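Undergrad: Quick one: sequence plus predicted model below, questions after.
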Amino acid sequence: MDWNQEYDVIIIGTGAGGSAVGWALQGSGKSVLFLETGDFIPQEADNWSPEANFKSKKYYERAPWFDVDSNSFFQTQEVPAVGGKTKVWGNALSRFTPETFDAYEEAEGLSPAWPISYEILRPFYEQAEQLYKVHGDSPEIPYAYPGLPYDSEIRPIVNTWEQLGFPVKKLPLALDVREQGRCTPCQRCVGYVCKVHGKCDADVTVMRPLLEKKDFQLLTGATAKRLIPFENKADRIDSVEIQWQGQTRQLKAKQIVVSCGAVNSSLLFMKSKSKTFPEGLANSSGLLGKNLMFHNIIGLGGIRLTHRPFLAQSYQKLFQIDFPVNQGKANVNFQAIGAAPLEHVAGPPLSWMPHIARFLNKRTLLMTMHNEDLPKTGNCVRYTEDRVEIQHEPNNDQYLLEKATVMKSAIRKAGFPIVVMQNLIGSKLKMAYASGTMRFGNSPNDSVLDSNCRCHDLENVYVADSSFFPSAGSHNIGLTVIANGLRVGSHLKSL
């Protein structure tokens, strides 16, 4: 490691966004250094252990955050490892609909417009789908890999809902199920690290191939502490201060990309406050850390008390249904998850009765419904000297609750006599979809980033995670983060 080298680009974070920026920089001749707090997660038995992934949270960040609304601490959903949260994602990579990029009325308020259109992001969506081997079926989207088939257990459920008039669609899934691929049907995707590397995540799919090339380096165990401006030029960052093996070090770069996640990226800028930016670096708009958004989530479980388990040969997250609230816009998204260890994810009383929970595990089809949380400046991230504070009051959930009642009836008609609903609106599970804390826009008065995701106040710093979202959308955010990372990287490549 040459500590005196000035890199062309330093990328802080190796998750969906940061790795995508690096991928787009291939062939540019630029020297690129990735910084990652964690390390590679080994292939080990605990990858597929329910206890390790859902109970002890082995692969998750240990430092708790403070929830202002409940006046209590909670464990984060952050994964300090190469690949970040993509290591445990459910690998459903859907595009945002074209309407998401326009301003429109949601059930309880306005969902704001983006400064770029769907057409600008379209080619990067296609690149991302190709890169992550996304399997999907859609007349509007040219997927390189076909959608995964329904097995004999899932097909009757889909048929029933189609007969009831629901527009059932296959979920686009990022899995290596090509001939000679590493993925086989199982119920160990959502919330698990993949033991066989069959799940396409940022580590296996992007980072490992990149690191085989001479222009790319990775420093693990390196935690970015603050961004340091030039002494005589406050609008340009000179170096990144890191903590590494108990030492404080500084690394220089011409361009810096921050991709630590919607909460941690904003925290890094807050911790980097200076005389010019006493309220946090790049915060002349006063919006740093504000407009924090999640997805409102409801969990559903359909229980089939048959003598034999099902889902044994199914992939997880096979299908979805979109419910429009007005003008055909998909404002509530329903997804079939598959099976999960109920003794760890369902909470009381099943968590108190593990034997019954295990009996139900493969007789229960788990589903989720979610819609977008609207941006509010009072929903925010704050940093004090001793803790990270999250303040968030849920909103825009009434239409979601109405559609959940509709789906409970539909689930019974599909052969599940018992249906259980768990209202997760406001729970910390929502942290998996955090976004919006450094929104992008055309004016420095009402946004932190410009349309290329460069800080309005800093000429050489970009942000490439979900912080940039002006609205949260109703679909999984992963593919949009990857596509935008490719777009940001393409812009940097041209400089």
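TA: Looks like it arrived, so ask away. Numbering: from 1, shown residues only.

Undergrad: and the gap between the nearest residue in space to residue 164 that is not next to it in sequence and residue 198?
TA: Distances taken as C-beta to C-beta, 6 or more residues apart in numbering place residue 410 nearest to residue 164, at 5.9 Å, with adjacent residues excluded. For every residue, glycine as well, the C-beta is placed using N, CA and C. Using C-beta to C-beta, to the nearest Å, residue 410 is found at 31 Å from residue 198.

Undergrad: Tell me who's in contact with the closest residue to residue 408 other than its chain neighbours.
TA: Spatial nearest neighbour of residue 408, excluding adjacent residues (C-beta to C-beta, 6+ apart): residue 419 at 4.9 Å. By C-beta atoms under 8 Å, 6 or more residues apart in numbering, the residues touching residue 419 are 300, 301, 302, 303, 408, 411, 412.

Undergrad: With residue 425 instead?
TA: 296, 297, 298, 394, 397, 400.

Undergrad: For residue 340, see how far away it is.
TA: Per C-beta to C-beta, residue 425 is found 19 Å from residue 340.

Undergrad: In this structure residue 489 contacts residue 25, no?
TA: Yes: Residue 489 lies in contact with residue 25 (C-beta atoms under 8 Å); the separation is 5.2 Å.

Undergrad: between those two, which one's more packed in?
TA: Applying other C-beta atoms under 10 Å to residue 489 and residue 25 shows that residue 489 carries more neighbours, namely 28 against 25.

Undergrad: Helix, strand, or coil at that one?
TA: Three-state assignment for residue 489 (DSSP: H, G, I helix; E, B strand; the rest coil): helix.

Undergrad: Helices along the stretch 251-400 of the chain, start to end?
TA: Counting by DSSP state H, counting those that start in this stretch, the stretch 251-400 of the chain has helices at residues 262-271, 342-345, 354-361, 398-413.

Undergrad: In terms of mean pLDDT, which of those ranks lowest?
TA: Among the helices of the stretch 251-400 of the chain, helix 342-345 carries the lowest mean pLDDT, a mean of 72.

Undergrad: For the residue nearest to residue 164, give me its contacts.
TA: Residues in contact with residue 410 (C-beta under 8 Å, 6+ apart) are 160, 161, 164, 166.

Undergrad: Tell me, how many residues neighbour the first one?
TA: Spelled out, it's residue 160. Close neighbours of residue 160, defined as other C-beta under 10 Å, add up to 16.

Undergrad: That one reaches residue 413, doesn't it?
TA: Yes: with contact defined as C-beta under 8 Å, residue 160 reaches residue 413; the gap is 6.0 Å.

Undergrad: in the sheet, who's paired with residue 257?
TA: On the basis of DSSP bridges, residue 257 is bridged to residue 11, residue 462.

Undergrad: my guess is it meets residue 462, correct?
TA: Yes: counting by C-beta under 8 Å, residue 257 touches residue 462, with 4.8 Å between them.

Undergrad: which one of the two has more residues nearby?
TA: residue 257 (29 against 26).

Undergrad: Now tell me what touches stretch 385-393 from outside.
TA: For stretch 385-393, the external contacting residues (C-beta under 8 Å, 6+ apart) are 63, 65-69, 73, 263, 267, 292, 294, 376, 378-383, 426, 430.

Undergrad: Same check on stretch 132-152?
TA: By C-beta under 8 Å, 6+ apart, stretch 132-152 touches 93, 95, 125-126, 128-130, 158, 169-178, 185, 200, 205, 313-315, 318-319, 479, 482.

Undergrad: sorry, back to before: where does the residue nearest to residue 408 land in three-state SS?
TA: What three-state DSSP gives for residue 419 is strand.

Undergrad: what about it, distance to residue 43?
TA: 37 Å.

Undergrad: give the contact list for residue 485.
TA: Residue 485 is in contact with 16, 17, 18, 19, 20, 21, 23, 24, 259, 464, counting by C-beta under 8 Å, 6+ apart.
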